[in-house]
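**Q** Task: produce atomic coordinates for the following.
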Amino acid sequence: MNPNSEEILKRIRIALSPWKKDIEEKRMFGGTCFLFKGKMCVGETKERLMVRVPAERMKEVTNSPFVKPMDFTGKPMKEFIFVTTQGFDTEEKLQQWIEIGVAHAKTKLK
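**A** Next up, the predicted model:
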């Protein structure tokens, strides 16, 4: 794992600390993902943030700078985005993405 990926993972772990008891780390999608109560919420792969987004926020979120739909197979994955490093270059921006990912996971617990 390259040093930048490890640094991003450290930042994600800190940002997820309010939900620490409900978070599990798992290797997925060629990177490291974080699951909230068993539901994937965020992760890191190739120095990009992967975020699950509630369906009703996808249009708004994909219009954000530094964001694109997550695409591994030539077809965008439903409710998944990639965020380049410029899109989470401050702890505040990272925290916003983390909160979106956790909110998505909570919708899947019903």
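
**Q** avg pLDDT for the one helix or strand Lys59 maps to?
**A** Using DSSP states H and E, Lys59 maps to helix 58-62. Averaged over helix 58-62, pLDDT sits at 94.

**Q** now the closest residue to Arg52 other than its chain neighbours: how far from Lys39?
**A** Leaving aside its sequence neighbours, Arg52 sits nearest to His104 (C-beta to C-beta, 6 or more residues apart in numbering; 3.9 Å). For every residue, glycine as well, the C-beta is placed using N, CA and C. To Lys39, His104 is 8 Å away according to C-beta to C-beta, to the nearest Å.

**Q** Now for the two: what residues contact both?
**A** Common neighbours of His104 and Lys39, counting by C-beta atoms under 8 Å, 6 or more residues apart in numbering, are Arg52.

**Q** So between the two, which is more surrounded?
**A** His104 (22 against 17; other C-beta atoms under 10 Å).

**Q** a strand runs through the more buried one, doesn't it?
**A** No. If the criterion is DSSP: H, G, I helix; E, B strand; the rest coil, then His104 is helix and not within a strand.

**Q** quick one: it and Leu35 touch, right?
**A** No. Using C-beta atoms under 8 Å, His104 is not in contact with Leu35, being 11.4 Å away.

**Q** Now for these two: what residues contact both?
**A** Cys41.

**Q** What ranges does the protein have for its helices?
**A** 3-15, 58-62, 91-107 (DSSP state H).

**Q** sorry, back to before: dump the residue contacts of the residue nearest to Arg52.
**A** Going by C-beta under 8 Å, 6+ apart, His104 touches Lys39, Cys41, Val51, Arg52, Val53, Pro54, Glu79.

**Q** Between these, identify the one with the most neighbours.
**A** Cys41 (29 neighbours).

**Q** That one contacts Leu35, doesn't it?
**A** Yes. Cys41 lies in contact with Leu35 (C-beta under 8 Å); the separation is 6.7 Å.
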